[in-house]
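[1] Fold the following.
(chains A and B)
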Amino acid sequence: NAGVTQTPKFQVLKTGQSMTLQCAQDMNHNSMYWYRQDPGMGLRLIYYSASEGTTDKGEVPNGYNVSRLNKREFSLRLESAAPSQTSVYFCASSTQPQGPYGYTFGSGTRLTVV
Amino acid sequence: SQQGEEDPQALSIQEGENATMNCSYKTSINNLQWYRQNSGRGLVHLILIRSNEREKHSGRLRVTLDTSKKSSSLLITASRAADTASYFCATGGNSGNTPLVFGKGTRLSVIA
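    Sure, this is the predicted structure:
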């Protein structure tokens, strides 16, 4: 049982380049999330999808777009990367936004923008 | 924002001792959750306590919730070196439909 799978694990981008972070879950969860983690800042929510077909902005959505491709997959796109987007990105999923079993997290994507 | 704030930011104890971490939040909640993060890994869900519960146990973990003070504590008893990690509390709105907001975490070091 893979849980939440994120690809790639590491990426270096040049300023202005674009890329898509992929996330897939195999637990039949309804809700999926993208967080970023910066030193001393904890986790901050970028976007989330409470159910298939819906997406909503989180605390720090600027510079990002998301696609809930189907129930399993939720991708995060950086259209024009900036050094301020250097971070570790985590995808997570759950039965519902405050479901009884909590969130299952992927292992993260470490992104550096130079 | 109803972001939880953990206290202390860092804690260092000897193996076998108990570790206590605290979390304060700002607005009414549906539940409060605690997560662990080992270095370089994703977060792992530890325990959830509902707003109408005051205390919950899971193995060596004990969580308390005081909604009048808007605070929670996580106690790890008889700590082990393997408990070394960062611990985060997370809360959401009282409707249950809003995503979790995480605090900045407590970094726990257990020295063998």
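
[2] element containing residue A:65, please.
    In this assignment (DSSP states H and E), residue A:65 forms part of strand A:64-68.

[3] In contact with the spatially most central residue of chain A, which residues?
    For chain A, residue A:34 is the residue whose C-alpha lies nearest the centre (CA atoms, centre = their mean; 2.8 Å). Residue A:34 makes contacts with A:21, A:23, A:45-48, A:58, A:64, A:66, A:74, A:76, A:89-91, as judged by CB atoms under 8 Å, 6 or more residues apart in numbering or on different chains. Placement of C-beta: from N, CA and C, glycine included.

[4] Next, format the residues you listed as TSV and append neighbour count and secondary structure.
    TSV is the format used below for the contacts of residue A:34 (neighbours: other CB atoms under 10 Å in any protein chain shown; DSSP: H, G, I helix; E, B strand; the rest coil):
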residue	neighbour count	secondary structure
A:21	23	strand
A:23	25	strand
A:45	21	strand
A:46	23	strand
A:47	23	strand
A:48	25	strand
A:58	18	coil
A:64	19	strand
A:66	24	strand
A:74	29	strand
A:76	21	strand
A:89	22	strand
A:90	26	strand
A:91	29	strand
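
[5] low pLDDT regions in chain A?
    Scanning chain A for pLDDT under 70 picks out the ranges A:1.

[6] near chain B, which residues of it show up?
    Residues of chain A found near chain B (CB under 8 Å from any CB of the partner chain) are A:4, A:31, A:33, A:35, A:40-45, A:48, A:50, A:58-59, A:90, A:92, A:96-98, A:100-108.

[7] Quick one, which of those residues are buried?
    Buried members of those, counted by 16 or more other CB atoms under 10 Å in any protein chain shown: A:4, A:31, A:33, A:35, A:42-45, A:48, A:50, A:58, A:90, A:92, A:97-98, A:102-108.

[8] Doesn't the residue nearest to the centre of chain A belong to a helix?
    No: secondary structure of residue A:34 (DSSP: H, G, I helix; E, B strand; the rest coil): strand, not part of a helix.

[9] Looking at strand pairing, list the partners for it.
    residue A:47, residue A:91 (DSSP bridges).

[10] Roughly how far does it sit from chain B?
    Counting by CB to the nearest CB, to the nearest Å, the separation of residue A:34 from chain B is 10 Å.

[11] doesn't residue B:25 make contact with residue B:70?
    Yes: assessed by CB atoms under 8 Å, residue B:70 is found in contact with residue B:25 at 5.2 Å.

[12] what residues are shared contacts of these two?
    Joint contacts of residue B:70 and residue B:25 (CB under 8 Å, 6+ apart) do not exist.

[13] returning to that earlier point: what's the strand holding residue A:65 in contact with?
    Residues contacting strand A:64-68 (CB under 8 Å, 6+ apart): A:32, A:34, A:46-47, A:49, A:52-55, A:74-79.

[14] Please say which of residue B:70 and residue B:25 ends up with more neighbours.
    When residue B:70 and residue B:25 are compared for neighbours, residue B:25 comes out ahead with 22 against 18, by other CB atoms under 10 Å in any protein chain shown.
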